[in-house]
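**Student:** please work out how this folds:
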Amino acid sequence: MKRECDDLFLDELEVIIPNLSARYSGGTAVNRTIAPLIAQRCNAAWLGVDRPDGIRGLAWGDLLRLRFRAPKNHAFRIFHARRNVEMLAGLALKALGFKIKLIFNSAAQRRHSRYTRLLLAKMDAIVATSEIAQNFLEFPSTIIHHGIDVETYAPPADRLKAFAASGLPGKYGIGVFGRVRKQKGVDLFVESMIRLLPRHPDFTAVVIGLTTADNRAFLESLKSQVARAGLEKRILFLGELPIEEVPLWYKRISIYVFASRIEGFGLTMLEAMAAGNAVVATRAGAAEIVIEDGKSGVLAPTGDVEALVASIEPLMCEPEKALRIGEKAREVVLRDFNREREVDEIVGVYRKLWDA
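**Tutor:** Predicted structure coming up:
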């Protein structure tokens, strides 16, 4: 196993941030956003794939060496999990004699499975990403809302020029980003665009995100609907893009549609708001916590394409209104949903464990 960390770093190591899923997901995105800032406040290391800049990597060989090294500054290290597999890995390490305490971040807005509840019962602390998520937990937890890197997801100097540089037809963009599947409401977005784009020739719609093997038929059915409507050049499926290219597309579009039927929190909603997009969001995830309807965004019922069309069209009719709502949305994110605030609160949970 490759050795990456020197003995001094291992002695000082306080926090391990595992990312043990090969599939890039919202959990990975959150980890990548906040891990570099956690590393500025604690001696932290990243275990697993998709490590961002700004935090050291912990090789599996180095992890095994920690079994025989007590942390220098505390009685134990923090192992901060976001998935079942990471909770399980932490429990295995604990059983092997590692001096660690386990923290889990819960975003789910549904009753956890029996297996997950068994894992949760063994955590030393739990963080809920929203009040709604906390209501589905059967264990004490601390509410910490997600935060965004407001510099990476920033508005463009000129949105019309940014869209024109894409080479797409029209003057304005409208989009949905994230995994392409029914849970995310991508079909609702596509059906809305099939109805709206013929009435609004200045707009082009983009769908960006990964399609897993079990959702290929879903994607192909959406493309067939678009082809039957003759809108192949105005509803574009761009697939999964490199991470560094996604912020550019937030700058290009003017309206972002968060159409989820079921959602944990809804990180793309925050990213779009930070970039100054006018967000039309279904009442899923943290939408009702984040958005003030009609001021910092527009709220719509879940699973209702008629309501979604009615919520989107006024913004397409008045791009200036969309711009004003986008400006207000960024103010909300800067004030309440920046990553510095999230990291401060997470490190506060770490310190409570250490102090106790």
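**Student:** so, low pLDDT: which residues of the protein?
**Tutor:** 1-4 (pLDDT under 70).
**Student:** and the strands in it?
**Tutor:** 15-19, 44-48, 56-57, 77-81, 100-106, 125-128, 142-143, 172-177, 203-208, 235-239, 255-258, 278-282, 298-300 (DSSP state E).
**Student:** quick one: contacts for residue 174?
**Tutor:** Shown in contact with residue 174 (CB atoms under 8 Å, 6 or more residues apart in numbering): 193, 203-206, 253-257, 312, 316. Glycine gets a C-beta too; all of them are placed from N, C-alpha and C.
**Student:** swap in 10 Å and give it another go.
**Tutor:** 189, 192-193, 196-197, 200, 203-206, 235, 253-257, 277-278, 280, 312, 315-316, 322 (CB atoms under 10 Å, 6 or more residues apart in numbering).
**Student:** who are the contact partners of the residue lying closest to residue 111 once chain neighbours are set aside?
**Tutor:** Leaving aside its sequence neighbours, residue 111 sits nearest to residue 136 (CB to CB, 6 or more residues apart in numbering; 5.8 Å). Contact partners of residue 136, counting by CB under 10 Å, 6+ apart, are 106-112, 128.
**Student:** quick check on the residues you listed: which are buried?
**Tutor:** 106-109, 112, 128 (16 or more other CB atoms under 10 Å).
**Student:** if we can go back for a sec, in JSON lines: the strands of the chain, plus distance to residue 64.
**Tutor:** Below are the strands of the chain laid out as JSON lines (distance: least, CB to CB, whole Å):
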{"stretch": "strand 15-19", "distance to residue 64": "13"}
{"stretch": "strand 44-48", "distance to residue 64": "11"}
{"stretch": "strand 56-57", "distance to residue 64": "15"}
{"stretch": "strand 77-81", "distance to residue 64": "14"}
{"stretch": "strand 100-106", "distance to residue 64": "13"}
{"stretch": "strand 125-128", "distance to residue 64": "25"}
{"stretch": "strand 142-143", "distance to residue 64": "31"}
{"stretch": "strand 172-177", "distance to residue 64": "38"}
{"stretch": "strand 203-208", "distance to residue 64": "39"}
{"stretch": "strand 235-239", "distance to residue 64": "38"}
{"stretch": "strand 255-258", "distance to residue 64": "42"}
{"stretch": "strand 278-282", "distance to residue 64": "45"}
{"stretch": "strand 298-300", "distance to residue 64": "49"}
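**Student:** buried stuff in stretch 227-246?
**Tutor:** Neighbour-count burial for stretch 227-246 [16+ other CB under 10 Å]: 229, 231, 234-237, 246.
**Student:** now, which of those sits nearest residue 48?
**Tutor:** Nearest to residue 48 among the buried residues of stretch 227-246: residue 246, at 20.9 Å, using CB to CB.
**Student:** looks like residue 263 contacts residue 282 (just checking).
**Tutor:** Yes. Using CB atoms under 10 Å, residue 263 makes contact with residue 282 at a distance of 8.3 Å.
**Student:** OK, contacts around the residue nearest to residue 69 when sequence neighbours are not counted?
**Tutor:** Distances taken as CB to CB, 6+ apart place residue 10 nearest to residue 69, at 5.6 Å, with adjacent residues excluded. With contact taken as CB under 10 Å, 6+ apart, residue 10 is in contact with 43, 45, 58, 62-63, 65-66, 68-69, 71-72.
**Student:** please pick the buried ones from those residues.
**Tutor:** Buried among the contacts of residue 10 by 16+ other CB under 10 Å: 43, 45, 58, 62-63, 66, 71.
**Student:** out of the residues you listed, list just those in helices.
**Tutor:** 62-63 (DSSP state H).
**Student:** contacting residues around stretch 108-122?
**Tutor:** By CB under 10 Å, 6+ apart, the residues outside stretch 108-122 that reach it are 81, 83-88, 90-91, 94, 102, 104, 106, 126, 128-130, 132-139, 141, 262-265, 284-286.
**Student:** buried ones from the residues you listed, can you make that a ChimeraX selection?
**Tutor:** Remark: buried members of those, expressed as a ChimeraX selection using 16+ other CB under 10 Å:
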select :81,83,84,86,87,90,91,94,102,104,106,126,128,129,130,132,133,134,137,141,262,263,264,265,284,285,286
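**Student:** roughly how far apart are residue 176 and residue 235?
**Tutor:** 11 Å (CB to CB, to the nearest Å).
**Student:** identify the contacts common to those two.
**Tutor:** Between them, residue 176 and residue 235 share the contacting residues 189-190, 193, 205-207, judged by CB under 10 Å, 6+ apart.
**Student:** widest-spaced pair of those?
**Tutor:** 190 and 206, at 11.2 Å, using CB to CB across these.
**Student:** between the two, who's got more neighbours?
**Tutor:** Using other CB atoms under 10 Å, the more surrounded residue of residue 190 and residue 206 is residue 190, with 24 against 20.
**Student:** show me what contacts the spatially closest residue to that one that is not a sequence neighbour?
**Tutor:** Excluding its sequence neighbours, the residue lying closest to residue 190 (CB to CB, 6+ apart) is residue 222, at 4.9 Å. Going by CB under 10 Å, 6+ apart, residue 222 touches 180, 186-187, 189-191, 194, 207, 211, 235, 237.
**Student:** would you list those residues in JSON lines and tack on distance to residue 273?
**Tutor:** Below are the contacts of residue 222 laid out as JSON lines (distance: CB to CB, whole Å):
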{"residue": "180", "distance to residue 273": "21"}
{"residue": "186", "distance to residue 273": "20"}
{"residue": "187", "distance to residue 273": "23"}
{"residue": "189", "distance to residue 273": "17"}
{"residue": "190", "distance to residue 273": "22"}
{"residue": "191", "distance to residue 273": "24"}
{"residue": "194", "distance to residue 273": "26"}
{"residue": "207", "distance to residue 273": "19"}
{"residue": "211", "distance to residue 273": "25"}
{"residue": "235", "distance to residue 273": "23"}
{"residue": "237", "distance to residue 273": "24"}
